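Peer 1: this is a predicted model, with the sequence first.
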Amino acid sequence: MAEPTAILSPQIRLLPGGERRLLAGVGTRDPESLPAARRAGAYKGLTRAINRLGPDGTIAEIEGARLRGRGGGGFPTAVKWHDLRAAPGERKIVVANLMGADVTALGDRALAEGDPHLVLEGLLVAAFAAGASEAILAVRRDWTVAIARLRAAVADAEKARFAGYLVMGTDVSVSVSVWEGSGALVAGEETALLAALAGDRGMPVIRPPYPTERGLNGAPTLVHNAETLAHVAWILRHTATEFRKLGTPVTPGTRLVSISGHVATPGLAEVAMGTPIAAIIGLAGGGSGTTKAAFVGGPGGGALSAAELSTPYDYEPLHAAGAGLGMGALLVANTETCMVDTARFLLDYSAREACGKAVPCRIGTRRLVEALDRILAATPRPDDLVLLRALSRKMADTALCKLEARAPAPMLTTLDRFDDEYRAHAERGECLAGACRTERVAPLLAPLADGLAGAPLGSARP
């Protein structure tokens with residue numbers, strides 16, 4: 001068997017500690033071997049679903065597990081399956097979203113590279129239970145290792161009669177294909193992904209109708225990310241009762257969290273839902289007295305101060321704090337990190353990734369970045385601090401997708417918790433973290449007008 005370092009791409013580092021449900025086989029066995037996967041239990045869940053539970057029983061099992069989608073929204077998985085199964089029409093489709101919308105979150109990529117049969121099995125179970133005969137693995141084009149292994153897994157599963165025509169000799173047929181697309185933050189929004197799959201530009205559409213009513217090429221479509229599907233396979237292999245033994249009563253199970261920033265060992269960990277943020281940071285060797293804040297949820301997430309790191313890692317507590325789970329990214333900032341500059345970086349990323357369809361998003365994100373630039377340069381307009389909040393509210397009220405609605409979150413949460421840093425930059429040209437060199441930029445003729453001939457342009461004025 002290949003060494004673990006050869007199994008996964010160099011960007012993916014699995015951290016010791018944490019749980020080992022979805023990550024049990026990642027980095028420890030040959031991901032291209034179907035026999036190795038089957039020895040670990042692969043396709044036992046699919047067999048149980050088709051031969052014992054049937055579609056209704058399979059949906060009931062997922063409902064009993066209280067599985068919530070791991071794509072960031074936390075919507076109950078069984079509800080989406082009910083909706084797809086009840087939708088009229090003979091053609092129904094299930095899509096696995098592995099577009100890596102948040103490039104700092106590596107959970108889906110680790111699963112696709114390290115245990116592709118786990119993802120594929122979950123996809124097949126979802127298709128069977130929801131009544132779909134087509135399944136698509138949508139993968140970002142630059143994940144070449146993941147693409148190769150998913151294609152190999154599909155081919156091996158078809159040969160073993162776990163996928164394709166007449167699965168396991170039953171009347172169930174599910175054709176599976178792998179589709180490659182350009183990675184983009186907006187691809188995390190399911191309607192934007194479906195537009196790209198149809199050959200159009202990846203832009204979200206107004207809902208309703210929802211994809212389970214009218215999705216890819218007009219057919220009812222179910223979209224899940226890879227981690228959600230991996231949980232589906234695990235539940236069908238081990239039962240809903242076992243699944244609920246970890247996590248919280250409202251959100252059972254585990255979550256893959258990518259920890260980066262000012263920690264000793266950045267990497268990927270699997271944690272039980274409800275684990276305190278500080279304990280998750282501790283898995284990466286962080287959580288020391290130098291931790292100033294944690295940005296939870298990626299570019300659309302929010303910042304929690306060091307005093308709030310006991311917050312449980314779960315949907316409702318994080319949403320109440322202005323953050324979110326997103327795709328599972330957690331960025332740790334130490335005391336030498338400027339909150340204004342970090343918020344500007346994250347907001348600028350969202351602005352660059354905006355698809356351009358919604359005017360408030362396309363223009364609003366840029367106006368917010370410009371206001372932050374003025375604050376960082378110590379040349380703010382009188383109403384810039386007010387503008388940050390007012391424009392963010394308008395964007396949220398008119399948002400077409402979650403990218404637009406959540407883009408200002410890193411800025412708003414740092415403005416709430418670190419208002420003194422914003423004011424120090426704006427009013428005195430001072431970075432309280434000592435990370436930025438910001439000075440009041442003097443007008444071109446100011447040195448002469450103020451009798452400061454010979455002073456360097458751009459120097460601070462008295």
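Peer 2: Yes, it's here. It should be emphasised that the depicted structure is a prediction, and the values quoted were computed from it without experimental measurement.
Peer 1: mind listing the helices in the stretch 51-200 of the chain by residue range?
Peer 2: Secondary structure of the stretch 51-200 of the chain by DSSP state H, counting those that start in this stretch: the helices cover 54-65, 77-86, 107-114, 116-130, 144-159, 190-197.
Peer 1: among the ones you listed, which comes closest to residue 268?
Peer 2: Comparison of the helices of the stretch 51-200 of the chain against residue 268 by Cβ to Cβ identifies helix 107-114 as nearest, at 5.7 Å. C-beta coordinates here come from the backbone N, C-alpha and C atoms, glycine included.
Peer 1: just give me the longest helix of this structure.
Peer 2: In the chain, taking DSSP state H as the definition, the longest helix is helix 359-376.
Peer 1: quick one: it to chain centroid distance?
Peer 2: 23 Å (Cα atoms, centre = their mean, to the nearest Å).
Peer 1: then stretch 389-406?
Peer 2: Between the mean C-alpha position of stretch 389-406 and that of its chain there is a distance of 19 Å (Cα atoms, centre = their mean).
Peer 1: circling back: to residue 277, which of the helices of the stretch 51-200 of the chain lies closest?
Peer 2: Each of the helices of the stretch 51-200 of the chain was checked against residue 277 via Cβ to Cβ, and the shortest separation belongs to helix 107-114, namely 16.9 Å.
Peer 1: what does the closest one rub up against?
Peer 2: Residues lying outside helix 107-114 but in contact with it, judged by Cβ atoms under 8 Å, 6 or more residues apart in numbering, are 7-9, 11-12, 14, 22-23, 25-27, 31, 70, 97-98, 100, 118-119, 139, 143, 145-146, 149-150, 225-227, 230, 256-258, 268, 327-328.
Peer 1: in the chain, where is pLDDT below threshold?
Peer 2: 1-6, 287-288, 437-462 (pLDDT under 70).
Peer 1: residue nearest the centroid of it?
Peer 2: residue 327 (1.6 Å; Cα atoms, centre = their mean).
Peer 1: give me the helices and strands touching the next helix or strand after the longest helix of the chain, please.
Peer 2: Sequence order places helix 384-397 as the next helix or strand after helix 359-376, per DSSP states H and E. Where contact means 3 or more Cβ pairs under 8 Å, 6 or more residues apart in numbering; DSSP states H and E, helix 384-397 is packed against helix 359-376, helix 402-406, helix 409-417, helix 419-428.
Peer 1: now helix 384-397: buried residues?
Peer 2: Buried residues in helix 384-397, counted by 16 or more other Cβ atoms under 10 Å: 384-385, 387-388, 391-392, 395-396.
Peer 1: what's next to that helix, contact-wise?
Peer 2: 360-361, 364-365, 367-368, 371-372, 374-375, 381, 404-405, 407-408, 411-412, 415, 422-423, 426.
Peer 1: report the angle between it and helix 419-428.
Peer 2: With axes from the mean of the first three to the mean of the last three Cα atoms, to 10 degrees defining the directions, helix 384-397 sits at 130 degrees from helix 419-428.
Peer 1: angle of helix 384-397 against helix 359-376?
Peer 2: Relative orientation of helix 384-397 and helix 359-376, computed by the same axes, to 10 degrees: 160 degrees.
Peer 1: run the chain-centre distance for helix 384-397.
Peer 2: Between the centre of helix 384-397 and the centre of its chain there are 24 Å (Cα atoms, centre = their mean).
Peer 1: CA atoms of it as PDB?
Peer 2: Extracted as PDB, the C-alpha positions of helix 384-397 are listed here (Å, rounded to 0.1, in the frame of the first residue of the first chain):
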ATOM      1  CA  ASP A 384     -17.500  55.500   6.300                       C
ATOM      2  CA  LEU A 385     -18.100  53.600   9.600                       C
ATOM      3  CA  VAL A 386     -21.900  54.200   9.200                       C
ATOM      4  CA  LEU A 387     -21.700  53.200   5.600                       C
ATOM      5  CA  LEU A 388     -20.200  49.800   6.400                       C
ATOM      6  CA  ARG A 389     -23.300  48.800   8.400                       C
ATOM      7  CA  ALA A 390     -25.900  50.500   6.300                       C
ATOM      8  CA  LEU A 391     -24.700  49.100   3.000                       C
ATOM      9  CA  SER A 392     -24.300  45.600   4.500                       C
ATOM     10  CA  ARG A 393     -27.900  45.600   5.600                       C
ATOM     11  CA  LYS A 394     -29.100  46.600   2.100                       C
ATOM     12  CA  MET A 395     -27.000  43.800   0.600                       C
ATOM     13  CA  ALA A 396     -28.500  41.300   3.000                       C
ATOM     14  CA  ASP A 397     -32.000  42.500   2.300                       C
END
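Peer 1: tabulate the buried residues of helix 384-397 (a markdown table), appending distance to residue 304.
Peer 2: What follows is the buried residues of helix 384-397, written out as a markdown table (distance: Cβ to Cβ, whole Å):
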| residue | distance to residue 304 |
| --- | --- |
| 384 | 25 |
| 385 | 21 |
| 387 | 24 |
| 388 | 19 |
| 391 | 23 |
| 392 | 18 |
| 395 | 22 |
| 396 | 20 |
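Peer 1: just flag the most distant two among these.
Peer 2: Set against one another by Cβ to Cβ, the buried residues of helix 384-397 have their most distant pair in 384 and 396, with a gap of 18.9 Å.
Peer 1: quick check: ChimeraX command selecting the buried ones in the contacts of helix 384-397.
Peer 2: Once 16+ other Cβ under 10 Å is used to decide burial, the buried members of the contacts of helix 384-397 can be selected in ChimeraX as follows:
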select :360,361,364,365,368,371,372,374,375,404,405,407,408,411,412,415,422,423,426
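Peer 1: how is the protein carved up into domains?
Peer 2: Domain assignment for the chain by automatic domain parsing gives 4-243, 254-334, 339-428.
Peer 1: just the buried ones from the contacts of helix 107-114?
Peer 2: Judged by neighbour count, with buriedness set by 16+ other Cβ under 10 Å, the buried members of these are 7-8, 12, 14, 22-23, 25-27, 31, 70, 97-98, 100, 118-119, 139, 143, 145-146, 149-150, 225-227, 230, 256-258, 268, 327-328.
Peer 1: before we move on, back to that, ok, so of the buried residues of helix 384-397, who is nearest residue 87?
Peer 2: Checking the buried residues of helix 384-397 against residue 87 with Cβ to Cβ, the nearest one is residue 396 at 30.3 Å.
Peer 1: how close does that closest one sit to residue 354?
Peer 2: Taking Cβ to Cβ, to the nearest Å as the measure, residue 396 falls 15 Å from residue 354.
Peer 1: on that earlier part again, can the domains of the chain go into TSV with extra columns for distance to residue 434?
Peer 2: What follows is these, written out as TSV (distance: least, Cβ to Cβ, whole Å):
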stretch	distance to residue 434
domain 4-243	25
domain 254-334	12
domain 339-428	11
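Peer 1: so for residue 435, which of those sits nearest?
Peer 2: Minimum separation from residue 435 across the domains of the chain (Cβ to Cβ) falls at domain 339-428, 6.5 Å.
Peer 1: end to end on that closest one, go ahead and measure it.
Peer 2: 16 Å (Cα to Cα, to the nearest Å).
Peer 1: now stretch 10-17
Peer 2: In stretch 10-17, first residue to last residue: 20 Å (Cα to Cα).
Peer 1: which outside residues touch that stretch?
Peer 2: Taking Cβ under 8 Å, 6+ apart as the criterion, the residues outside stretch 10-17 that touch it are 4, 8, 23, 26-27, 106, 109-110, 113-114, 259, 265-269, 283-284.
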